[in-house]
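Asker: Sequence plus the predicted model coming up.
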Number of protein chains: 2
Amino acid sequence: MLKISKKADYALMALQHIATVQSGDVTPGRVVNTKEIAEEYNIPLELLAKVLQTLAKNALIESHNGPKGGYLLARRAHQITIAQILESIEGPLGITDCSHEKDGEFCMQRENCHIRTPLLKVQDSIAQLLNNMTLQDMMGGTPLITILSPTAQGVER
Amino acid sequence: MLKISKKADYALMALQHIATVQSGDVTPGRVVNTKEIAEEYNIPLELLAKVLQTLAKNALIESHNGPKGGYLLARRAHQITIAQILESIEGPLGITDCSHEKDGEFCMQRENCHIRTPLLKVQDSIAQLLNNMTLQDMMGGTPLITILSPTAQGVER
DNA sequence: TAGTCTCCGATCAATAAGGTCGGAGTAAGA
DNA sequence: TCTTACTCCGACCTTATTGATCGGAGACTA
């Protein structure tokens, strides 16, 4: 449950790879193409292409066409949050259907629903978690614990 | 994204209702049947029945057959965590496929995957959040803010 | 003991995800 | 300048998961 889709998974891998290559000391600033990523991680080529396409459309990466073309990060790694990546692929995050209802469209259970408020709180917690974590934190040996606490430390009861 | 299923949604509503009725001062300890819940929240009767069935099988509620029958909480409300409820319906929680791989079965990307560890950290945070929240916290005017803080503190609008 | 109300398991339909195909644009190299 | 080959791009099909439904078996009350 609460599973993220494979496409989102692929997006994270690809961006992590691009970010690493780009900041690497071997060939910094190098453009990386779809095929390279697909082969490195055993991802279906055409599916990955679609994912990168979406990321480009959402201005997370820049696409360069033609021979020697490929993708490049649109912003610095520490300016791209995990939440932004996931939302680019899967749409706005919301653990329940009634999370982002427009005015006028309510779920059938709305009037008597007592769990809406608590669930929205949970959702906010998760959102904050993902918003405070950036692509930078996924690179190298960055200690994740510094990002996730105090949330991960244990919730006071 | 990260959406919980409707069945899980229904499960939460139903349990919240049963818990409230059971601890209510009108008819405390009353048995509540499927039809009553379905009508109260506009949930498809047969689908809800299936959900309650699953909850009973996982020993979260007790089923009483025959006329005047229905369901009863198997434990006290504060002893039932949200995580237990969700896992009963949707299976073990895991935001990525490789969360609970048995020995020998790995995903194709495993060997070069650099995002596994960070994602597992995120997952742990969410799990802890849901494990520290009980059915009791969803009842009445219980101030959720005491449960979710400090995480939820800044998100208040 | 009869009747009715309940829970229970197997089955079908709808939706969303996963994966695939051919086309258009662009820059490098001759 | 022109050709060529490599890239990204958009629409389509297939598969899997979820949502919803039906009929039957068991159990308690009167």
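Answerer: That came in fine, so what should we check first? Residues are numbered from 1 along each chain as shown, chains lettered A, B, ... in the order given.
Asker: mind listing what A:E87 touches?
Answerer: A:93, B:1 (Cβ atoms under 8 Å, 6 or more residues apart in numbering or on different chains). (C-beta placed from N, C-alpha, C; glycine too.)
Asker: What strand or helix carries it?
Answerer: helix A:82-90 (DSSP states H and E).
Asker: Then A:L72?
Answerer: Here A:L72 is assigned to strand A:70-73, by DSSP H and E.
Asker: How far does that strand sit from its chain's centre?
Answerer: Here strand A:70-73 is found 16 Å from its chain centre; the criterion is Cα atoms, centre = their mean, to the nearest Å.
Asker: from memory A:V32 sits against A:G70, does it?
Answerer: Yes: counting by Cβ atoms under 8 Å, A:V32 touches A:G70, with 5.1 Å between them.
Asker: Name the nearest residue to the residue nearest in space to the middle of chain A, sequence neighbours excluded.
Answerer: The residue lying closest to the centre of chain A (Cα atoms, centre = their mean) is A:I85, at 2.5 Å. Nearest residue to A:I85 in three dimensions, chain neighbours excluded: A:A11, at 5.6 Å (Cβ to Cβ, 6 or more residues apart in numbering or on different chains).
Asker: Only C-alpha atoms, please: export the helix or strand where A:L55 lies in PDB.
Answerer: Assessed by DSSP H and E, A:L55 sits inside helix A:45-57. Extracted in PDB, the C-alpha atoms of helix A:45-57 (Å, rounded to 0.1, in the frame of the first residue of the first chain):
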ATOM      1  CA  LEU A  45      14.000   2.300 -23.200                       C
ATOM      2  CA  GLU A  46      10.700   3.700 -24.600                       C
ATOM      3  CA  LEU A  47       9.100   3.900 -21.200                       C
ATOM      4  CA  LEU A  48      12.000   5.800 -19.700                       C
ATOM      5  CA  ALA A  49      11.800   8.100 -22.700                       C
ATOM      6  CA  LYS A  50       8.200   8.900 -21.900                       C
ATOM      7  CA  VAL A  51       9.100   9.600 -18.300                       C
ATOM      8  CA  LEU A  52      11.900  12.000 -19.200                       C
ATOM      9  CA  GLN A  53       9.600  13.700 -21.600                       C
ATOM     10  CA  THR A  54       7.200  14.400 -18.800                       C
ATOM     11  CA  LEU A  55      10.000  15.700 -16.600                       C
ATOM     12  CA  ALA A  56      11.100  18.000 -19.400                       C
ATOM     13  CA  LYS A  57       7.600  19.300 -19.900                       C
END
